[in-house]
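Student: coords below, sequence missing:
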């Protein structure tokens, strides 16, 4: 191994170590004191509930662990958005579990909490997998009610989704393990089956204080909406549990009896490990985001037996396309090539840039994968489309539009891994969040932005300097440098993968060594949902 490999390896391992450190802090939710308070009440934390519910020896993946990172500082933050979401297995059946974290503002819903819950429901609907709600929430966080209440992407959409999923035959099970108040009371009752924990669970449209204020009735919360009331008098809930573990055991028994599902029929054989050592990814991926490397070196460490069947290998070389297997699943891979290339005509092409020929190749390959019912995996390290007179005259906008069209209309499941750069329209063409990937994750090395930090800062600094000069201020070289550094620091913060993850632009930040697990579990989930639409590009400019 050369010195550069060792430098890259140290850098990327440090990024992964930082990822694990940040996650260890996030796992504490609202903090150790609040966890202890829950335990003193005889309750488990959200993470403990999920861990007990999921099969202990099976793999699981967490959606949105860093949601809310750095957001709402005026309210003390909102770790993981105040709700934990995992895809895992219950009695061998793949499910998605959503658990309110009562250590974070008593499980109250912030705007980002609603967005994360809606993402969990979207995953359940797209893949037709059972969804389990572990409810323990004080309801809408009132200081931010105007950002969560009435709009299409707000709180009320969750109940609409409950109804849609029920009509689709997607199993929904709710366990009320703490507070469940106001509009939130509809979520468990719109599920197929609802459980409630005795003495700690409660459901009501208005608590005892509000009832007293509204109609003058004196009543305690347990009598108003506790387990006995709803299991023996109102009939609102279906099962009474004596404690958290009893409720979770009942859910296991219900899931255990769910019938088999119709499969989409994606091709899978016995899984094989890559022939190349996966850990070498750390040394291959450059420390600097503008350095070159061969994306095939990454692919060879992600796919079974490191076997890759290239499609149009000598054409449009700044995008790699081809067939492989990941954990036994057949996949079509669309990846940005990051090394500078020389065409047969002697022309140099920049790595990570999408040219007309590479856009054309990727469009055709996506169509082929749709024809053959092969899931697509996008490996993003893209700076954008090629610019300049030659590209414009060659129809780069037209060819780019064809690629975006193919990605948009693809009916096979898509999975996106942001390896490095994810800039501008390149993010769109390589199946960014706006193009409905079933799962989208970033490596710690990822950067998401309209353009790179240095380029953007130069442009913005020039604009600001011109504005200051127009006002009569003196802008010398030192002032220009100060403007540039200030703007770049702000821009770099916004391109961080954690900034993207906090806003749910990605589903997770993962160690590169977890990539195969995420793709495999994602395809397994997608296999629950037969493809009902036909691939059709519609009208495109030829």
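Tutor: Thanks, I have the structure now. Being a predicted model, the structure only gives us computed values, none of them experimental. Numbering: from 1, shown residues only.
Student: Any stretches of the stretch 301-450 of the chain with poor pLDDT?
Tutor: Nowhere does the stretch 301-450 of the chain drop to pLDDT under 70.
Student: looking only at pLDDT, what's the mean for stretch 274-291?
Tutor: Averaged across stretch 274-291, pLDDT comes to 95.
Student: Use 528 as the first number for this chain going forward.
Tutor: Noted, 528 is the first residue going forward, which turns the last one into stretch 801-818.
Student: Now do that stretch: distance to the chain's middle.
Tutor: Remark: stretch 801-818 is offset 23 Å from the chain centroid, using Cα atoms, centre = their mean, to the nearest Å.
Student: cool, stretch 648-655 as well?
Tutor: Put simply, stretch 648-655 sits 13 Å off its chain's centre (Cα atoms, centre = their mean).
Student: again with stretch 754-771
Tutor: For stretch 754-771, the distance to the chain centre is 35 Å (Cα atoms, centre = their mean).
Student: Show me what that stretch is in contact with.
Tutor: 569-571, 576, 579, 702-704, 715-716, 720-728, 730, 749-750, 774, 777 (Cβ atoms under 8 Å, 6 or more residues apart in numbering). Every residue, glycine included, has its C-beta placed from N, CA and C.
Student: In helices, which of those fall?
Tutor: 576, 579, 715-716, 749-750, 774, 777 (DSSP state H).
Student: quick one: which of the residues you listed is nearest residue 913?
Tutor: residue 576 (50.7 Å; Cβ to Cβ).
Student: Low-confidence ranges, the stretch 578-727 of the chain, go.
Tutor: For the stretch 578-727 of the chain, the ranges with pLDDT under 70 are 710.
Student: Could I get the full set of helices for it?
Tutor: 638-654, 683-695, 713-716 (DSSP state H, counting those that start in this stretch).
Student: Equivalent analysis for the stretch 928-1069 of the chain, please.
Tutor: Using DSSP H, counting those that start in this stretch, helices in the stretch 928-1069 of the chain cover 951-956, 980-997, 1004-1022, 1024-1029, 1042-1053.
Student: JSON lines for those, including distance to residue 592?
Tutor: Formatted as JSON lines, those follow (distance: least, Cβ to Cβ, whole Å):
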{"stretch": "helix 951-956", "distance to residue 592": "22"}
{"stretch": "helix 980-997", "distance to residue 592": "25"}
{"stretch": "helix 1004-1022", "distance to residue 592": "19"}
{"stretch": "helix 1024-1029", "distance to residue 592": "8"}
{"stretch": "helix 1042-1053", "distance to residue 592": "13"}
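Student: Give the rounded mean pLDDT of the top helix by length along the chain.
Tutor: Determined from DSSP H, the single longest helix within the chain is helix 530-553. Mean per-residue pLDDT for helix 530-553: 97.
Student: Helix or strand next in line after it, which one?
Tutor: Moving toward the C-terminus from helix 530-553, the next helix or strand (DSSP states H and E) is helix 559-567.
Student: which residues are in contact with that next one?
Tutor: Counting by Cβ under 8 Å, 6+ apart, 555-556, 571-572, 629-630 sit against helix 559-567.
Student: Name the residues of the longest helix of the chain that are buried.
Tutor: Residues 535-536, 538-539, 542-543, 546, 549, 553 are the ones in helix 530-553 that count as buried (16 or more other Cβ atoms under 10 Å).
Student: Among the ones in helices among the contacts of stretch 754-771, which one lies nearest to residue 1001?
Tutor: residue 576 (62.2 Å).
Student: so what's the closest residue to residue 715 other than its chain neighbours up against?
Tutor: Leaving out its chain neighbours, the residue that sits closest to residue 715 by Cβ to Cβ, 6 or more residues apart in numbering is residue 701, at 3.4 Å. Residue 701 makes contact with 659-662, 714-716, 718, 720-722 under the criterion Cβ under 8 Å, 6+ apart.
Student: Try it again at 7 Å.
Tutor: 660, 662, 714-715, 718, 721 (Cβ atoms under 7 Å, 6 or more residues apart in numbering).
Student: can I get the residues you listed in JSON lines with neighbour count and distance to residue 793?
Tutor: Output for the contacts of residue 701, formatted as JSON lines (neighbours: other Cβ atoms under 10 Å; distance: Cβ to Cβ, whole Å):
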{"residue": "660", "neighbour count": "28", "distance to residue 793": "28"}
{"residue": "662", "neighbour count": "27", "distance to residue 793": "34"}
{"residue": "714", "neighbour count": "24", "distance to residue 793": "32"}
{"residue": "715", "neighbour count": "27", "distance to residue 793": "33"}
{"residue": "718", "neighbour count": "22", "distance to residue 793": "29"}
{"residue": "721", "neighbour count": "25", "distance to residue 793": "34"}
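Student: Tabulate those (CSV), appending distance to residue 949.
Tutor: Output for the contacts of residue 701, formatted as CSV (distance: Cβ to Cβ, whole Å):
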residue, distance to residue 949
660, 32
662, 35
714, 34
715, 38
718, 36
721, 41
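Student: if we can go back for a sec, if I look at the residue nearest to residue 715, how far off is residue 730?
Tutor: Note on residue 701: its distance to residue 730, by Cβ to Cβ, to the nearest Å, is 10 Å.
Student: hmm, back to that, what's the ChimeraX syntax to select whichever of the ones in helices among the contacts of stretch 754-771 are buried?
Tutor: Here is the ChimeraX selection string for the buried members of the ones in helices among the contacts of stretch 754-771, based on 16+ other Cβ under 10 Å:
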select :576,715,716,749,774,777
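Student: Can you lay out the helices of the stretch 578-727 of the chain as CSV showing distance to residue 847?
Tutor: What follows is the helices of the stretch 578-727 of the chain, written out as CSV (distance: least, Cβ to Cβ, whole Å):
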stretch, distance to residue 847
helix 638-654, 27
helix 683-695, 37
helix 713-716, 44
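Student: of the ones you listed, which approaches residue 813 most closely?
Tutor: Closest approach to residue 813 among the helices of the stretch 578-727 of the chain is made by helix 638-654 (31.4 Å; Cβ to Cβ).
Student: neighbouring contacts of that closest one?
Tutor: Counting by Cβ under 7 Å, 6+ apart, 590-591, 594-595, 598, 605, 608-610, 612, 623, 625, 658, 671, 674-675, 680-682, 684-685, 688, 691-692, 695, 697, 965, 1031, 1052-1053, 1055-1056 sit against helix 638-654.
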